[in-house]
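J.: Sequence and predicted structure, then a few things I'm wondering about:
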Amino acid sequence: MNYQLRVILFMLADAFIILLAVLGSYLLLYTTLSSPPAVLWSSFVMLLICHYLLFGYYKLYKKVWEYASIHEFMTITKSVTASIVVLGVIEWIVWGQLPVQLLLITWLLSLMLIGGSRVVWRMAQGVEHNTSQPSKRTLIVGAGSAGTMLARQLLNNQQSELKLVAFIDDDIHKHHLDIMGVPVLGGVSQIAEVAKQQKIDNIVIAIPSLSKKQLATIFTECAKTNTVTKTIPKLEDLASGKVSVSHFRDMQVEDLLGREPVELDIDSISGYVTQKVVLVTGAGGSIGSEVCRQVARFLPEKLILLGHGENSIYSIEMELRELFGHTHIEIITEIADLQDAEKMLSVMELHKPHVVYHAAAHKHVPLMERNPEEAFKNNVLGTLNAAKAASANHVQTFVMISTDKAVNPTSVMGATKRAAEMIIQHMDRGSTTKFVAVRFGNVLGSRGSVIPLFKKQIEKGGPITVTHPDMERYFMTIPEASCLVIQAGALARGGEIFVLDMGEPVKIKDLAQNVIRMSGYTVDEIGIKYTGIRPGEKLYEEMLKDGERMDQQVYPKIYIGTPSEIHMDEIERLIHQFSRMSKSELRIQLLAIANHEIKQPSLVSAFG
C-alpha cells in the first residue's frame, strides 16, 4: 500500500469513528437523538476538522504503526483531548452551553475507537507478514532499554529466525514480570538453569554499557550452556547510528580479558610522532605492523618499515598506502637483517629517525630452545646493533618490545629478551638517546599466539592441545600492545621498563574452552588434549620481579619497573665467545646472565 492510499484510508476510518463517537455519545446520554440534526452535524464537522488539523500537526498519519510504542498512543491521547477541548469552546461560544458529560463521553469513545483501530492495524500487519515461524529459541540477557529495544525488533521482524522466549536481568524488581509478553525469568546466575528449562538455542547479551569485567562474568555463565552466545554492538556505535541494536556480533576472546583496554594520550603522542621520522623494526610482524598502523594515524613525516621478510614488509606497505595514501606520509621500506651492524648503521644515517620502535625478535619459546644461537644473534646482537646505530645517529627515543618471559626466565627466548633489556638500560646511561623497554604478556591473535592455533584445531574437528591444565598467562590485544609501545615513547625519560597492568592471568584451559564455545561447539564435541609442558615453559609468567613495581602509576594502568642490576660484563663476554659454544653451553650461560647467577671479570667493552 502506497503512502497516499494509506493516508486516505486512515482519514476515512477516522471520519467514520468520529461520527460513531458523536452519535454514540448522544444515544448513551439521551437514549434518543433528541437534539436537532444541525447540532449533531455541526459538532461532527467541527470535531473532524480539529482532529485532522491536530493529527496533521503531530504527523500521526505518517507513523508506521507496525512499530508503534507508548509514545504514539500518548500522542493520540493528546490530539483527541485537544480536539474535544476546542469543540467544547466553540459550542460554548456558538450555542451558549457547555455539555460536559456529552463531551466526556465523546472523548472516551473517540480515544478508544481511534486507538483501537491502530492496534487492530498493527496486529493485522503482523499476521500478514508472518510467513515463517522463528525456529531458534532466544534468551536476552538484560531487560533494560537496549534489551527491550532488541525485543521489540525481534517481535516485529517476522522474517527473523530468532524466537524470543525470555529475559534475564539482575534487577529483582523485574523478576516474574512480563515485558511485551516475554517473561523475566531470573538473574545472571540462573542463565544455565533457564537455558536448560526453556531449551534455549541462542543467548544475546544486550547490555552495551557493560565493562569488560562484567561481560566476562556474564559470558562465564553463558558458557555453562550449549548455546551460541552473541552480544549487541558497543554503546558508542549504537549512539552514533552506525549499527542497529539487532546487529549482533560474535563474542571475541578479547571481550573476556576482564579489564578495560588502555587508552592513548593523544596529545602527548602527537607531540613526539606527528611530523617526525619514525622507524619500526620487525614492521611486517603482528605487533610491528600494528605499531605502523597506529603511528600512521598521527601523520609522521616519514615512516620507515624495516624487516627481514620481504613478503610481510610488502604486505604492510600496500596496506598503509591504501589507508594513508591521501596523506603526506612518506612510506619507505628497508629489507635488512638486524645482525648486519653496518646495514643498520647505514639505514639510521640515511633516514635520521627521531623515534625507533624495535619490534623485531625471535619469540617462539620451543623453537628458540632448539636454536639458542639464533635467538642470541637476533634478540641480543640484533638489539645491540639497532641500539648502537640509533645512539650514533642521535635518535631521540628508542622503544624496545620485551616480554613477561624476561622476568625470572627459564627459557632461552626469555633470557635473550632480558639480556636485551640490560643492553637498552646500559645504552641509556651513556647516550643522548632515550632508551626504554616495554614488557608484554601474550598477545591475542599475534603470530605464535594460541588463538589462531586453537581455531585451526577446531576447524579440523579437534582436539585442542593444551600443555597443562594449570598453565596460565597474561593476555592483551594487538592494538593494546601497539598502543602501549607508542605511549611508552611519550612517557620515556630514559632507562625505564614499562609494564601494563594486565589484570588477572587467564588459564589456557579456560581460554581453550571459551574459544570452543565461541565457535559454536561444546567442549565434549571438540575435546581438549594435554600434551605436557614444553622445554623452557613455566606454568605461569610474571610481569615484574619482586620489588620492581613502583607504588604509583605513571599513566593509567601503566607502571615502571625500577632499574635492576645490569651485568654488562657478562653479556660482553658472551658476545665474544658464543660462536665457540655448544647449544647447551650457550643456553646455560644465557639463563645464568638473565637470572644474575654468575659473576665474571670485566672484559673490554663491546660497545666502543
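T.: All right, it came through fine.
J.: correct me, but S286 touches I478?
T.: Yes. Applying Cβ atoms under 8 Å as the test, S286 and I478 come out as touching, 5.8 Å apart. No exception for glycine: its C-beta is placed from N, CA and C like everyone else's.
J.: The stretch 501-608 of the chain: strands as residue ranges?
T.: Secondary structure of the stretch 501-608 of the chain by DSSP state E, counting those that start in this stretch: the strands cover 506-507, 528-530, 558-561.
J.: Tell me, please, where in the stretch 101-250 of the chain the pLDDT is lower than the cut-off.
T.: Residues of the stretch 101-250 of the chain meeting the criterion pLDDT under 70: 122-134, 157-160, 233-250.
J.: looking at the protein, which helix or strand is least sure?
T.: When each helix and strand of the chain is scored by mean pLDDT, DSSP states H and E, helix 235-240 comes last, with a mean of 47.
J.: After the helix or strand containing G56, which helix or strand is next? Please name it.
T.: For G56, the element it lies in under DSSP states H and E is helix 37-57. Per DSSP H and E, helix 37-57 leads on to helix 70-95 as the next helix or strand towards the C-terminus.
J.: which strands and helices sit next to that following helix?
T.: Helix 70-95 is packed against helix 37-57, helix 100-129, with contacts defined by 3 or more Cβ pairs under 8 Å, 6 or more residues apart in numbering; DSSP states H and E.
J.: Going by neighbour count, list what's buried in that helix.
T.: 72, 75-76, 79-80, 82-84, 86-88, 90-91 (16 or more other Cβ atoms under 10 Å).
J.: K417: which of those residues is nearest?
T.: The nearest member of the buried residues of helix 70-95 to K417, counting by Cβ to Cβ, is E72 at 63.7 Å.
J.: so the closest one makes contact with W121?
T.: No. At 11.6 Å, E72 does not count as touching W121 under the criterion of Cβ under 8 Å.
J.: one step back: just name the lowest-scoring one in the buried residues of helix 70-95, pLDDT-wise.
T.: Across the buried residues of helix 70-95, the bottom pLDDT score, 74, is held by E72.
J.: so how far is H326 from that one?
T.: Remark: distance between E72 and H326 (Cβ to Cβ, to the nearest Å) = 46 Å.
J.: follow-up on the earlier one: the helices and strands packed on helix 70-95: which one's closest to Y474?
T.: Closest approach to Y474 among the helices and strands packed on helix 70-95 is made by helix 100-129 (50.7 Å; Cβ to Cβ).
J.: For the helix or strand just after that closest one, list every residue counted as buried.
T.: Next helix or strand after helix 100-129 toward the C-terminus (DSSP H and E): strand 136-141. Buried residues in strand 136-141, counted by 16+ other Cβ under 10 Å: 137-141.
J.: which helices and strands sit right next to the helix or strand following strand 136-141?
T.: Using DSSP H and E, the helix or strand that follows strand 136-141 in sequence is helix 145-156. With contacts defined as 3+ Cβ pairs under 8 Å, 6+ apart, helix 145-156 has these neighbours: strand 136-141, strand 162-168.
J.: mind checking which of those is nearest T217?
T.: strand 136-141 (11.0 Å).
J.: that older thread, now do the helix holding G56: which elements does it pack against?
T.: helix 3-30, helix 70-95, helix 100-129.
J.: 6 Å instead, please
T.: Under the contact criterion of 3 or more Cβ pairs under 6 Å, 6 or more residues apart in numbering; DSSP states H and E, helix 37-57 touches helix 3-30, helix 70-95.
J.: Which one of the helices and strands packed on helix 145-156 lies nearest to F376?
T.: Closest among the helices and strands packed on helix 145-156, once you apply Cβ to Cβ, is strand 136-141, at 51.2 Å.
J.: quick one, that closest one and strand 162-168 angle?
T.: Relative orientation of strand 136-141 versus strand 162-168 (axes from the mean of the first three to the mean of the last three Cα atoms, to 10 degrees): 30 degrees.
J.: mind showing which ranges of the stretch 401-550 of the chain have poor pLDDT?
T.: Ranges of the stretch 401-550 of the chain meeting pLDDT under 70: 443-449, 501-503, 520, 536-538, 540-550.
J.: and H173, how far is that from V184?
T.: Going from H173 to V184 by Cβ to Cβ gives 10 Å.
J.: Who has more neighbours out of the two?
T.: Per other Cβ atoms under 10 Å, whichever of H173 and V184 has more neighbours is V184, with 21 against 8.
J.: I'd assumed I172 was in contact with the more buried one.
T.: No. V184 is not in contact with I172 according to Cβ atoms under 6 Å; the separation is 9.7 Å.
J.: on that earlier part again, in CSV, list the strands of the stretch 501-608 of the chain along with mean neighbour count and distance to M400.
T.: CSV is the format used below for the strands of the stretch 501-608 of the chain (neighbours: other Cβ atoms under 10 Å; distance: least, Cβ to Cβ, whole Å):
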stretch, mean neighbour count, distance to M400
strand 506-507, 20, 25
strand 528-530, 14, 35
strand 558-561, 20, 13
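J.: Present those strands as CSV; the columns should include distance to E570.
T.: Listed next are these as CSV, based on distance: least, Cβ to Cβ, whole Å:
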stretch, distance to E570
strand 506-507, 35
strand 528-530, 37
strand 558-561, 20
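J.: Just tell me which of those strands ends up closest to P372.
T.: Closest to P372 of these is strand 558-561 (Cβ to Cβ; 25.3 Å).
J.: So for that closest one, mean pLDDT?
T.: 76.
J.: by contact count, what packs against that strand?
T.: Using 3+ Cβ pairs under 6 Å, 6+ apart, strand 558-561 sits against strand 497-500.
J.: So which of the buried residues of helix 70-95 is the closest to T106?
T.: Set against T106, the nearest of the buried residues of helix 70-95 by Cβ to Cβ is I84 (6.3 Å).
J.: Just give the nearest non-adjacent residue to that closest one, would you?
T.: Excluding its sequence neighbours, the residue lying closest to I84 (Cβ to Cβ, 6 or more residues apart in numbering) is W107, at 4.3 Å.
J.: Could you count how many residues lie near Y30?
T.: Residues near Y30, counting by other Cβ under 10 Å, number 11.
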